[in-house]
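**Student:** the following comprises the amino acid sequence and a computationally predicted model.
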Amino acid sequence: MKYHIVTYGCQMNLHESEKIAGVLKECGYAEEAPAEEADIIVFNTCCIRENAENHAFGNIGALKQLKRQKKDLLIAVGGCMVQEEGKAAILREKFPFIDILFGTHNLPELRSLIERKRKQRKAVVSVPAERAETEDRLVPVRTSFPNAWVNIMYGCNNFCSYCIVPYVRGRERSRSAEEVLREVRSLVAEGYREITLLGQNVNSYRDGDVDFPALLDMVASVEGKFRVRFMTSHPKDFSAELVAVMKKHPKICNHLHLPVQSGSSRILSLMNRRYTREKYLEEIALLRREIPDCEVTTDLIVAFPTETEEEFGETLSLVEEADFSSAFTFIYSPRTGTRAAAMEGRIPEDVAKSRITRLIALVNEKTREKSAKYVGKTVEILCEDYDEKRGMYLGRDEYGRMGYFKSDTPKIGEWIELYVKEANGISLYGEPVE
Ligand code: 5AD
Ligand code: SF4
């Protein structure tokens, strides 16, 4: 039997899909296949913005036909959207052909849900309000060699006013440091070359006396040639200790993804981010003083309720001042149940679109400027894939920039010294030097 998984959203979800694949294997679905050939199709959904939901709705709806032709096909829908208040009921009503619905807290039960469904005609649904259970015992089918994702914590307690994550992922739970280290050691021994520590808010990690900088220090002290990344960090928990650990270990990439969201302190306060523009800039200054070649990327939201043109201008000027290498940019999307959704002062769509267009143009210009500096230099990249269309191998440097090159021999998983001949946006093109 074969399976097909469709994943929406962040790296947390991508890694969760690897765990879903592990469960499917245990249930006898031995290999991955295109949707048309699969015996079970699983959607791992995201609800962070409205368009993520619309995408999933469209694609689930499109399966009605396939389900009609193939009576034994099972369709399972899981992830954040299912965990969202009232959404499971809407999904059942809109798509009565869904066989299994499971929330983010039900991954450990997925196997028994599948087994139950195989015995009955009726759909099985499992969406508890909140469970403290983690999915640590699930064995993932890893899909991202030579990178491996490792969860260090789940959930979020921050309640940024726009964000639905704390509602669907529940309160923070940290894994034990011992377990994290065991997993990292065995991944490095298996040949993984890049470890990405994952959490909604990694800086809140705590296991007894072990906080995030201490855990990072331990992970980077594991023997072997590999890189360490981590995401996502919250500026309110940024610390000198974190910078010190980054500086101490060459294994830790000199790249920090530090979502700022807005350049206006008034908007940041409305967002419940608990830092100001000035504090954020001080953090970046400290980081750059200690690690001069460190690159910083960020997330930015435009058109938060009541954002004025002037305040949007502060976001633009922050992009310059903080000297971001790149940024993910979003138009504010109201999420039912969050505090911001009840705020007055919604920004009209045309204004929001104009702001995001201007922001993207600026961010792209910064990215181009930074990448151009690499032309004529040699960077170390970790080869991670082959791009059929371009006929080139690709990999990332420690800052997250993509490097492309040609080779007649297989290179995935290898370290390549890339002499950069050309830069184009976020991508570099070059030749390996022996
Ligand atoms: N609207 C727009 N962007 C959002 N993000 C989170 N919630 C929303 C929302 N309601 C963005 C933030 C966060 C990233 C993962 O998604 O920038 O850092
Ligand atoms: Fe959402 Fe804020 Fe938690 Fe990030 S830190 S997941 S933006 S509530």
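**Tutor:** Good, I have the coordinates. Ligands and ions are numbered 1, 2, ... in the order given.

**Student:** how far does stretch 274-282 sit from its chain's centre?
**Tutor:** 24 Å (C-alpha atoms, centre = their mean, to the nearest Å).

**Student:** ok, stretch 138-148 next?
**Tutor:** With C-alpha atoms, centre = their mean, you get 15 Å for stretch 138-148.

**Student:** can you name the element that comes right after the helix or strand of the chain with the lowest mean pLDDT?
**Tutor:** The weakest-scoring helix or strand in the chain, judged by mean pLDDT, DSSP states H and E, is strand 124-126 (a mean of 79). Going down the chain from strand 124-126, the next helix or strand is strand 147-151, by DSSP states H and E.

**Student:** pLDDT of that next one, averaged?
**Tutor:** Averaged over strand 147-151, pLDDT sits at 96.

**Student:** what of stretch 412-427?
**Tutor:** Here the average pLDDT along stretch 412-427 is 94.

**Student:** chain center to it: distance?
**Tutor:** Between the centre of stretch 412-427 and the centre of its chain there are 23 Å (C-alpha atoms, centre = their mean).

**Student:** and it, what's buried?
**Tutor:** Residues 413-414, 416, 418-420, 423 are the ones in stretch 412-427 that count as buried (16 or more other C-beta atoms under 10 Å). C-beta here means a position set from N, CA and C on the backbone, and glycine is covered the same way.

**Student:** can you list the residues you listed in JSON lines and add secondary structure and distance to residue 208?
**Tutor:** Shown next, in JSON lines, are these (DSSP: H, G, I helix; E, B strand; the rest coil; distance: C-beta to C-beta, whole Å):
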{"residue": "413", "secondary structure": "coil", "distance to residue 208": "35"}
{"residue": "414", "secondary structure": "coil", "distance to residue 208": "39"}
{"residue": "416", "secondary structure": "strand", "distance to residue 208": "40"}
{"residue": "418", "secondary structure": "strand", "distance to residue 208": "42"}
{"residue": "419", "secondary structure": "strand", "distance to residue 208": "47"}
{"residue": "420", "secondary structure": "strand", "distance to residue 208": "45"}
{"residue": "423", "secondary structure": "strand", "distance to residue 208": "46"}
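
**Student:** can you lay out the residues you listed as CSV showing distance to ligand 1?
**Tutor:** What follows is these, written out as CSV (distance: C-beta to the nearest ligand atom, whole Å):
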residue, distance to ligand 1
413, 29
414, 31
416, 30
418, 30
419, 35
420, 30
423, 26
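
**Student:** isn't residue 197 right up against residue 148?
**Tutor:** No: here residue 197 does not reach residue 148: they are 10.2 Å apart, not a contact under C-beta atoms under 8 Å.

**Student:** residues of the stretch 151-300 of the chain that sit close to ligand 2?
**Tutor:** 156, 158-160, 163, 165-166, 200-201, 234 (C-beta under 6 Å from any ligand atom).

**Student:** and with 5 Å instead?
**Tutor:** Within reach of ligand 2 by C-beta under 5 Å from any ligand atom, the stretch 151-300 of the chain has these residues: 156, 158, 160, 163, 165, 200-201.

**Student:** re the thing from before, any buried residues in the least confident helix or strand of the chain, and which?
**Tutor:** Neighbour-count burial for strand 124-126 [16+ other C-beta under 10 Å]: 124-126.

**Student:** go on, stretch 204-216?
**Tutor:** 204-205, 207, 210-216.

**Student:** need those residues in JSON lines with secondary structure, distance to ligand 1 and pLDDT, can you?
**Tutor:** Output for the buried residues of stretch 204-216, formatted as JSON lines (DSSP: H, G, I helix; E, B strand; the rest coil; distance: C-beta to the nearest ligand atom, whole Å; pLDDT from 0 to 100):
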{"residue": "204", "secondary structure": "helix", "distance to ligand 1": "15", "pLDDT": "94"}
{"residue": "205", "secondary structure": "coil", "distance to ligand 1": "18", "pLDDT": "96"}
{"residue": "207", "secondary structure": "strand", "distance to ligand 1": "25", "pLDDT": "96"}
{"residue": "210", "secondary structure": "strand", "distance to ligand 1": "25", "pLDDT": "98"}
{"residue": "211", "secondary structure": "strand", "distance to ligand 1": "22", "pLDDT": "97"}
{"residue": "212", "secondary structure": "helix", "distance to ligand 1": "18", "pLDDT": "98"}
{"residue": "213", "secondary structure": "helix", "distance to ligand 1": "21", "pLDDT": "98"}
{"residue": "214", "secondary structure": "helix", "distance to ligand 1": "25", "pLDDT": "98"}
{"residue": "215", "secondary structure": "helix", "distance to ligand 1": "22", "pLDDT": "98"}
{"residue": "216", "secondary structure": "helix", "distance to ligand 1": "20", "pLDDT": "98"}
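
**Student:** re the thing from before, the residues of the stretch 151-300 of the chain next to ligand 2 in helices, which ones?
**Tutor:** Of those, the ones assigned to helices by DSSP state H are residue 165.
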